[in-house]
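Undergrad: quick one, fold the following:
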Amino acid sequence: MSKSPPKTTLSALVLSERGQITISSLLLAVIMVWLHFYQQQQGSLLETFDFTQPLVWQEPWRLLTAHILHLDAQHAIYNAIGLLLLTLFFAGNFTLRSWFNALLIIAVVIAALVWLIGYPSRFVGFSAVLHGLLLLGVLLDWRQQNYRWSDWLNPIVLGLLGLKVLLEYSGLVQSKILLSIGDPQAIGILHACGLVGGLLAWHLHCRSLKALATMAESNQDK
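TA: Residues are numbered from 1 along each chain as shown. Below you'll find the model as predicted:
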């Protein structure tokens, strides 16, 4: 008598949280690269979806869409690879929801701060978001070590990240990005805004973890 095949449970079909984050990041990376080639055929794409100071609150989608557009293929590919690497290193610190929350918080904070500062008047690119994600991921890893200075790798990465942004702000490091002509500090400003977004995302993420821990303790007491 032949045995019936084992039943496939729903839980077996569901990807792990890390797998869902990885696939989502891969899709976002592919979209960023594809959009560059698509915008070469649609000349008005940048004008419609980049960050532009006078239009950002009249057309609020620019707060998000500016980050996934790029000026050239190299810019898009480098940022797509950067997103996948950060996902590989730090996805274990997130749920799919908290990962997307972090992306949204960092992206919106960058655009809002740039608007408040007043320049650059225009920009595109995902690199500022990557700076925020890197800061967030390193801080969450360091949190697992209770922020011990003996865990030297995380403080060194944070220090090098801050130094890089300072060099960019001073004009010693530049990158291809859509920005105001004659504004050498714009790269540093954008990436510094990314770090601020990363700090806010880290603060909110830690608050969420504390709230979940408190809820779990109260449920155990009942």
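Undergrad: okay, the closest residue in space to Arg18 that isn't next to it in sequence: pLDDT?
TA: Of all residues not flanking Arg18 in the chain, Ala91 sits nearest, at 4.8 Å (CB to CB, 6 or more residues apart in numbering). For the C-beta atoms, the positions are set from N, CA and C on the backbone; glycine is no exception. Ala91 is assigned a predicted lDDT (pLDDT) of 93.
Undergrad: how near is Ala91 to Leu166?
TA: The gap separating Ala91 from Leu166 is 29 Å, by CB to CB, to the nearest Å.
Undergrad: more neighbours, these two?
TA: A count of neighbours by other CB atoms under 10 Å puts Ala91 above the other of Ala91 and Leu166, at 21 against 14.
Undergrad: wouldn't the residue nearest to Arg18 be in contact with Ile21 here?
TA: Yes. With contact defined as CB atoms under 8 Å, Ala91 reaches Ile21; the gap is 4.4 Å.
Undergrad: common neighbours of these two, please.
TA: When contacts are counted by CB atoms under 8 Å, 6 or more residues apart in numbering, the set common to Ala91 and Ile21 consists of Trp99.
Undergrad: picking that back up, now do the contacts for the residue nearest to Arg18.
TA: Contacts of Ala91 (CB under 8 Å, 6+ apart): Glu17, Arg18, Ile21, Thr22, Ser25, Trp99.
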